[in-house]
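Trainee: coordinates only, sequence not included:
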């Protein structure tokens, strides 16, 4: 085949090889070495993204998280490949230059080759061409591997971003659900408020009625207490632990009752208690008090001191009413006597020195 090819080229190509006018491209063609230039495949965007009409949210998401990142990777790869192609284009121009200009040493040796040497050179050149084709194919695969690895990396990053966006969206939806639930609860409470307000108004009216009744009862009880105070000579002063104190003569005479302590289940049960002590105390300042008050206290004290043991006569709490009654019977006439003396001194004959009153033998 090589011989027939040499015959086809004829003496013209051999002459060019001899005189050095043969170009590099003609030199490779002479040895059946051709160069194939592959045109790049054009990528086309998806049809729905070529226009803005009838774009769905899914299309927008696919464009944002898939197509655009992929396109950015391809653009970066194109820039790298373009730089390499520009470098190779410079070397491609050497195909139209004479061989002796590009590689003078090779031309000097080749122009004196015999036919047998040309055949051996052709075999060696074809072997080298096959090796370079395989190397070129391997480099192409490595370049694609880098490109696809970058596409995978970008795709994983976009997936992570999308998951983060979905997580935030889920959180916002959860918050919105909570807000909606609160709003629905508030609306339900708002709808229930009229009934609650009506119920509260009814309760207010009932409470007002109850309060009026209690005030009326309190007023009646106070009136009764005032009446009892007019009838009774004594007043309950206080009750502390096992001691109860009553007062007479406008809190100037104190009656103190001491009871036996209760233990266990009897404490606070209101059962009858044994009295341990009955004592009287006079809180009247004789130097600052008027004559009639001192006289009343003198008479009452003499009567009390003249009585026998009070505890023997009134041994238990059941006898307290009788004790109060008996003491009141003593205090009442002396108090009335004192009131009469006060009136005589204030409005009667004592005021005008018409009448003179004295005391003796009060024992």
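Mentor: Looks like it arrived, so ask away. Computed from a predicted model, the values in this text were never measured in an experiment. Numbering: from 1, shown residues only.
Trainee: spatially central residue for this structure, please.
Mentor: residue 175 (12.4 Å; C-alpha atoms, centre = their mean).
Trainee: pLDDT score assigned to it?
Mentor: According to the prediction, residue 175 has pLDDT 91.
Trainee: can you check residue 299 too?
Mentor: Listed pLDDT for residue 299 reads 91.
Trainee: so where does it fall, helix or strand?
Mentor: Using DSSP states H and E, residue 299 sits in helix 291-305.
Trainee: return the list of helices and strands in contact with that helix.
Mentor: strand 275-282, helix 320-347 (3 or more C-beta pairs under 8 Å, 6 or more residues apart in numbering; DSSP states H and E). For the C-beta atoms, the positions are set from N, CA and C on the backbone; glycine is no exception.
Trainee: buried set for the shortest one?
Mentor: With burial defined by 16 or more other C-beta atoms under 10 Å, the residues of strand 275-282 counted as buried are 275, 278, 280.
Trainee: same check, this time on the last one
Mentor: By neighbour count, with 16+ other C-beta under 10 Å as the criterion, the buried positions of helix 320-347 are 320, 323-324, 327-328, 330-331, 334-335, 338, 341-342, 345.
Trainee: mind putting the residues you listed in TSV, distance to residue 291 and pLDDT included?
Mentor: Listed next are these as TSV, based on distance: C-beta to C-beta, whole Å; pLDDT from 0 to 100:
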residue	distance to residue 291	pLDDT
320	33	92
323	30	92
324	28	92
327	23	92
328	24	91
330	20	91
331	18	92
334	14	89
335	15	90
338	9	87
341	7	83
342	9	84
345	8	78
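Trainee: what about the strands in the chain?
Mentor: Counting by DSSP state E, the chain has strands at residues 235-240, 243-248, 253-259, 275-282.
Trainee: please identify which of those is closest to residue 115.
Mentor: strand 235-240 (146.1 Å; C-beta to C-beta).
Trainee: what's the angle from the lengthiest helix in the chain to helix 320-347?
Mentor: The longest helix of the chain (DSSP state H) is helix 115-231. With axes from the mean of the first three to the mean of the last three C-alpha atoms, to 10 degrees applied, the angle from helix 115-231 to helix 320-347 works out at 70 degrees.
Trainee: what helices or strands is helix 115-231 leaning on?
Mentor: Applying 3+ C-beta pairs under 8 Å, 6+ apart, one finds that helix 115-231 makes contact with helix 2-19, helix 68-92.
Trainee: rank those by mean pLDDT and give me the bottom one.
Mentor: Out of the helices and strands packed on helix 115-231, helix 2-19 stands lowest, with a mean of 59 (criterion: mean pLDDT).
Trainee: where in this protein is pLDDT low?
Mentor: Across the chain, the ranges flagged by pLDDT under 70 are 1-14, 35-53, 228-230, 264-270, 348-363.
Trainee: can you give me the domain assignment for it?
Mentor: As given by automatic domain parsing, the domain ranges for the chain are 2-41+54-177, 232-261+271-352.
Trainee: could you export the ones you listed as CSV, including distance to residue 192?
Mentor: Converted to CSV, those look like this (distance: least, C-beta to C-beta, whole Å):
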stretch, distance to residue 192
domain 2-41+54-177, 22
domain 232-261+271-352, 50
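Trainee: so which of those is the most surrounded?
Mentor: Most buried of those, by mean neighbour count (mean count of other C-beta atoms under 10 Å): domain 232-261+271-352, with a mean of 15.
Trainee: nearest spatial neighbour of residue 255, chain-adjacent residues omitted?
Mentor: Closest residue in space to residue 255, ignoring its immediate chain neighbours: residue 246 at 4.4 Å, by C-beta to C-beta, 6 or more residues apart in numbering.
Trainee: so how far is residue 301 from residue 95?
Mentor: With distances taken as C-beta to C-beta, to the nearest Å, residue 95 is found 151 Å from residue 301.
Trainee: now residue 79
Mentor: Distance, residue 79 to residue 301, using C-beta to C-beta: 126 Å.
Trainee: same check on residue 122?
Mentor: Residue 122 is 160 Å from residue 301, where distance means C-beta to C-beta.
Trainee: equivalent analysis for residue 90, please.
Mentor: According to C-beta to C-beta, residue 90 and residue 301 sit 142 Å apart.
Trainee: same deal with residue 313?
Mentor: 18 Å.
Trainee: now swap in residue 142 and tell me
Mentor: For residue 142, the distance to residue 301 equals 130 Å [C-beta to C-beta].
Trainee: from memory residue 96 sits against residue 26, does it?
Mentor: No. Checked against C-beta atoms under 8 Å, the pair residue 96 and residue 26 is beyond contact range at 9.4 Å.
Trainee: ignoring the adjacent residues along the chain, who's closest to residue 315?
Mentor: Nearest to residue 315 is residue 275, by C-beta to C-beta, 6+ apart, at 5.9 Å.
Trainee: circling back: now the helices and strands packed on helix 291-305 in CSV, with distance to residue 75?
Mentor: Listed next are the helices and strands packed on helix 291-305 as CSV, based on distance: least, C-beta to C-beta, whole Å:
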stretch, distance to residue 75
strand 275-282, 111
helix 320-347, 111
